[in-house]
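>>> Quick one, what's the 3D model for this:
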Amino acid sequence: MVAAFIVIPLLLAAAFVWGIAWSWQRSGAAPQVTIRAAMLAALGVIGWMSATWIAAQSGLLRRWDHVPPPFGLLVLATLLVAFVIAFTTPGRRLAQFVPLWALVAVQAFRLPLELAMHQLADRGIMPPQMTYTGRNFDILTGASALIVAVIAARGRGRVLVTAWNVIGLALLTNVVVIAILSTPTFRYFGEDRLNVFVTSTPYVWLPALMVLAALAGHLVIFRAVRLQSR
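Numbering: from 1, shown residues only. Predicted coordinates:
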C-alpha cells in the first residue's frame, strides 16, 4: 500500500496539468499560450513535489524542537498554495471550463487513499485515529464522489454538489485537525499515537499533494457552481 502514496500524487499532478491545458484551450487561448500554461503548471508541480520530498528525505521535517517546527511551516505553505491555485487565474479557468462532474470525480481519489491509510495503521506506521476506524470519516467523500459526479454529469444536482462539497470540506478539515493534534508538538492523543510518518518519504506527499489537491478541489468546485450557474 506504500505505492499508493506515490501513484496517487503522480496521478493528481497529471490531472492538474491536463486540467490547465484543457481549460486554457477551451478559453480560446492560442496553442502556444496553452502549451506555455501547461508547461508552467508542470514545472510548478515538479518543483513543489521535489522540494517537499527533499525536505522529508533530509530529515528537516522531523525537527520538532524548532520553533516553529518545519512541518508546521509545510502545512501552512500547503494551505497557502491551495488557496493561491483556487483563487487565481488557474482556479478561475478550471472552475469555468472543466465540467463540474469532472471536478467532483477527481475527489474519488480519497477512497483508495483512505484504504491505504487503514493498511498503514494496521502495520503500525500511522496512528489509528487518522483512519476511518478512528476519527477520520473522509472515506465518505471519496466513496460518494463518483455517485455525485454521475448525477452532475446529467445536468442535475447542483444543490447536491454544493451540499456534498460542504460536507467534504468539513470532513477534510476534521482529519487535518486530527493530524495536527497528533504531531509531537501537541501529542493530544497520547505518546503512542503520534503522527510522525508524514515527515518521511513518500508519506510527505499525503499533506503536501493529496491534502492540497482535496482542499484546492473543494474551493474550485465552489467557484464552478457559482460560475456555471450564471
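
>>> residues contacting the residue lying farthest from the centre of the chain?
Centroid-distance maximum for the chain: A30 at 30.0 Å, with Cα atoms, centre = their mean. By Cβ atoms under 8 Å, 6 or more residues apart in numbering, the contact set of A30 is empty. All C-beta atoms are positioned from the backbone trio N, CA, C, and that covers glycine.

>>> and if you look at W48?
W48 touches 81, 208-209, counting by Cβ under 8 Å, 6+ apart.

>>> so where's this structure shaky on pLDDT?
229-230 (pLDDT under 70).

>>> Strands along that one, start to end?
In order along the chain, the chain carries no strands (DSSP state E).

>>> how far away is the residue farthest from the centre of the chain from A21?
13 Å (Cβ to Cβ, to the nearest Å).

>>> sorry, back to before: could the contacts of W48 go into TSV alongside distance to V148 and neighbour count?
As requested, those are exported to TSV (distance: Cβ to Cβ, whole Å; neighbours: other Cβ atoms under 10 Å):
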residue	distance to V148	neighbour count
V81	25	16
A208	26	25
L209	23	25
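
>>> Pull up the gap between V166 and L113, please.
20 Å.

>>> What of P127?
Distance from P127 to L113, by Cβ to Cβ: 16 Å.

>>> what do you get for I221?
Distance from I221 to L113, by Cβ to Cβ: 18 Å.

>>> Please apply the same query to I151.
As for I151, its distance to L113 is 23 Å (criterion: Cβ to Cβ).

>>> more neighbours, these two?
L113 (22 against 17; other Cβ atoms under 10 Å).

>>> Test my guess that the more buried one contacts A4.
Yes - with contacts counted by Cβ atoms under 8 Å, L113 reaches A4, the gap being 6.6 Å.

>>> from the middle of its chain, how far away would the longest helix seen in the chain be?
In the chain, assigned by DSSP state H, the helix with the most residues is helix 31-57. Helix 31-57 has its C-alpha centroid displaced from the chain centroid by 16 Å (Cα atoms, centre = their mean, to the nearest Å).

>>> residues of that helix that come out buried?
For helix 31-57, burial by neighbour count (16 or more other Cβ atoms under 10 Å) applies to 34, 37-38, 41-42, 44-45, 48-49, 52-53, 55-56.

>>> and what of stretch 222-230?
So, applying 16+ other Cβ under 10 Å, buried residues of stretch 222-230: 222-225.

>>> What are the contacting residues of that stretch?
86-87, 91-92, 94-96, 98, 100, 103, 158, 161-162, 165.

>>> ok, the closest residue to G72 other than its chain neighbours - contacts?
Nearest residue to G72, sequence neighbours excluded (Cβ to Cβ, 6 or more residues apart in numbering): T185, at 7.0 Å. T185 is in contact with 64, 69, 72, counting by Cβ under 8 Å, 6+ apart.

>>> so how far is I8 from the last one?
Put plainly, it is G72. Distance from G72 to I8, by Cβ to Cβ: 24 Å.

>>> Neighbour count: these two, which is higher?
I8 (20 against 16).
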